[in-house]
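Undergrad: using only what follows, build the 3D model:
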Amino acid sequence: MKKLLIMATTLALGTQAMAVGAMAQTVVKTHSGSVKGVVEGQVVAYKGIPFAQAPVGDLRWRAPQPVAAWKGVKPADHFGPDCMQIPHKSATPTPEPNLSEDCLYLNVWTPAQQAKKKKLPVMVWIYGGGFTNGASSWPASSGTRFAEDGVVLVSFNYRVGRFGFFAHPALTQEAAGAPFGNYGILDQIAALKWVKENAAAFGGDPDNVTIFGVSAGGVSVNALTTTPLANGLFHKAIVQSGGGREWMGRTPTTAQAEAYGVEFARANGVEGHDAKALTALRALPAGPVMNGVTMMSRDFTPLFADGQIVRRAIDAAYKMDEGDRVPMIIGGNDFDALFFGNDLDQAYAPLAPVRAEAKKVYDPEGKANVARIGGDIFADTVFLEPARHIARIVADKGKPVYLYRFAYVPEYLRDKLPGAPHGSETPFVFDTIGLLHGPMTTDKDRAAAQVTHDYWVSFAKTGVPFAANGGVWKPYDPASDKIMVIDASGASERADPFRARLDLVERFTNAAKVAP
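TA: This is a model prediction of the structure:
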């Protein structure tokens, strides 16, 4: 009995010591000051760490500035405010998000117990939302599962809408040759610089950083991979439904973006191109700045060719090796559709000059409905063929690139959806589908999430994607055109089922580029 009591006491003391040790690890010293996170099971979460000064007042429409150092220990136990935006049901984390111009905060999830000398791979998440919406506080993008699997996961906010992407002649003059206009991308670069400086304090390896993002976040990954301003800040990249040619069919020039800015200023009673006009613009309340910027009404110019952050079309930049040449995963979903038309002319509009040929591959039996034809054409022209296009460029440059198609639909939705919608892979990547689909989540759904998550994790760790239930994923070979498909049958490499469609889009796009 005495021996059992001693054993029990020893076990209790050991458990208490482990708990105290875990608690001690919640305080981390960053370059700006100390932060205290929260233990969540086997993970420590640090939420709401400022990585730049609040971009308010005179700092509105400026590159992010270094955050002021603080004394003492700053609690990092809740998310910072989301950046200003008009809420959109599919993009915001809650029906009533906490919005503020003071929104440049990031979050870190790291294992609670770590080997002292082992540096963990770092993954940095960039949210989507069409550059009009999005937030790092969305529950389905929690970094818990990544941290449980030995990855330090970082997510952050970046300015969206007219706060994040805005040009005006007065701003151009003020910049005096410094990067300007695409402030949302500059926020992303600032966050990556923070990661480089501080990852080691959280157990991460600043020399093994993988950036990944969906939709506008995927477009951002393309932008970061092709701008010299981000050189050396990451070492691998994952583009989820981020396209790879012109963003939404065009890359506006600085002059075009300035014209939008002048029109906006005039509509708000601001005339002129001098410092006085800029002061008046920065004094505008947030409401008028947000006005007209939604997922459905894009009354602003994201990603215009400012000359430094964005120099030219994405594919041209990849061909010219303007940024870092890094290993990459790139792809999209089998129903990556954002089509809202209601007639066949609208559905075929992106391929109108080759409509007869398009009908043969998109509706060979003449039975498909308008939504399906329009959705498929939108997906192929905006996301899927551009992803293949970039994969071919990267492969030709000699870097490993892995091309995928996500086609898994949760079991309870299969009679409602023709395929995996835009962005639906994200909770599978984060292995958080239970949070999104709740009690409707099945074992097969969880298995699909596990294999997807495992591929992303192993790529971040080693540069070679591997999953126990999918095997080693081979680099893309343009000659064979085999891609990784994740669907109801599992994960396997196979001939692209959409090849005829994508070949048509490629021929049409290339012909349109060389047309007089």
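
Undergrad: can you give me the neighbour number for residue 432?
TA: 21 (other Cβ atoms under 10 Å). C-beta coordinates here come from the backbone N, C-alpha and C atoms, glycine included.

Undergrad: show the pLDDT at the residue lying closest to it once chain neighbours are set aside.
TA: Of all residues not flanking residue 432 in the chain, residue 140 sits nearest, at 4.7 Å (Cβ to Cβ, 6 or more residues apart in numbering). At residue 140, the model reports a pLDDT of 95.

Undergrad: surely residue 140 touches residue 436?
TA: Yes: here residue 140 reaches residue 436: they are 5.0 Å apart, a contact under Cβ atoms under 8 Å.

Undergrad: overlap in contacts, the two.
TA: The contact sets of residue 140 and residue 436 overlap at residue 427 (Cβ atoms under 8 Å, 6 or more residues apart in numbering).

Undergrad: contacting residues around the residue nearest to residue 432?
TA: By Cβ under 8 Å, 6+ apart, the neighbours of residue 140 are 426-427, 430, 432-433, 435-436.

Undergrad: and it, helix, strand or coil?
TA: helix (DSSP: H, G, I helix; E, B strand; the rest coil).

Undergrad: look up how far residue 281 lies from it.
TA: Residue 140 is 36 Å from residue 281, where distance means Cβ to Cβ, to the nearest Å.

Undergrad: neighbours of the closest residue to residue 405 other than its chain neighbours, how many?
TA: Sequence neighbours aside, residue 485 is the residue nearest to residue 405 in space, at 5.0 Å (criterion: Cβ to Cβ, 6+ apart). Residues lying near residue 485 (other Cβ under 10 Å) number 21.

Undergrad: please identify the helix or strand for residue 485.
TA: strand 482-487 (DSSP states H and E).

Undergrad: can you give me the helices in the stretch 201-350 of the chain?
TA: Ranges of helices in the stretch 201-350 of the chain, per DSSP state H, counting those that start in this stretch, are 216-225, 254-267, 275-282, 286-290, 314-319, 344-348.

Undergrad: in TSV: the contacts of residue 140, plus distance to residue 107.
TA: Putting the contacts of residue 140 into TSV (distance: Cβ to Cβ, whole Å) gives the following:
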residue	distance to residue 107
426	16
427	17
430	13
432	14
433	20
435	16
436	19
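
Undergrad: which SSE is immediately downstream of the lowest-mean-pLDDT helix or strand in the chain?
TA: Every helix and strand in the chain was compared by mean pLDDT, DSSP states H and E; the lowest is helix 2-24, with a mean of 39. As assigned by DSSP H and E, the chain's next helix or strand after helix 2-24 is strand 27-29.

Undergrad: buried residues, that following strand. List them.
TA: By 16 or more other Cβ atoms under 10 Å, the buried positions in strand 27-29 come out as residue 28.

Undergrad: what sits against residue 396?
TA: Counting by Cβ under 8 Å, 6+ apart, residue 396 touches residue 478.

Undergrad: report pLDDT for it.
TA: pLDDT at residue 396 comes out at 93.

Undergrad: and the helices in the stretch 1-150 of the chain, which stretches?
TA: Going by DSSP H, counting those that start in this stretch, the stretch 1-150 of the chain shows helices at 2-24, 144-148.

Undergrad: what mean pLDDT does the shortest one have?
TA: Right, the one you point to is helix 144-148. 98.

Undergrad: okay, the next helix or strand after it in PDB with CA atoms only?
TA: Next helix or strand after helix 144-148 toward the C-terminus (DSSP H and E): strand 152-156. Extracted in PDB, the C-alpha atoms of strand 152-156 (Å, rounded to 0.1, in the frame of the first residue of the first chain):
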ATOM      1  CA  VAL A 152       4.300  25.700 -36.500                       C
ATOM      2  CA  LEU A 153       1.300  27.200 -38.100                       C
ATOM      3  CA  VAL A 154       1.000  31.000 -38.600                       C
ATOM      4  CA  SER A 155      -2.000  32.900 -39.900                       C
ATOM      5  CA  PHE A 156      -2.400  36.600 -40.200                       C
END
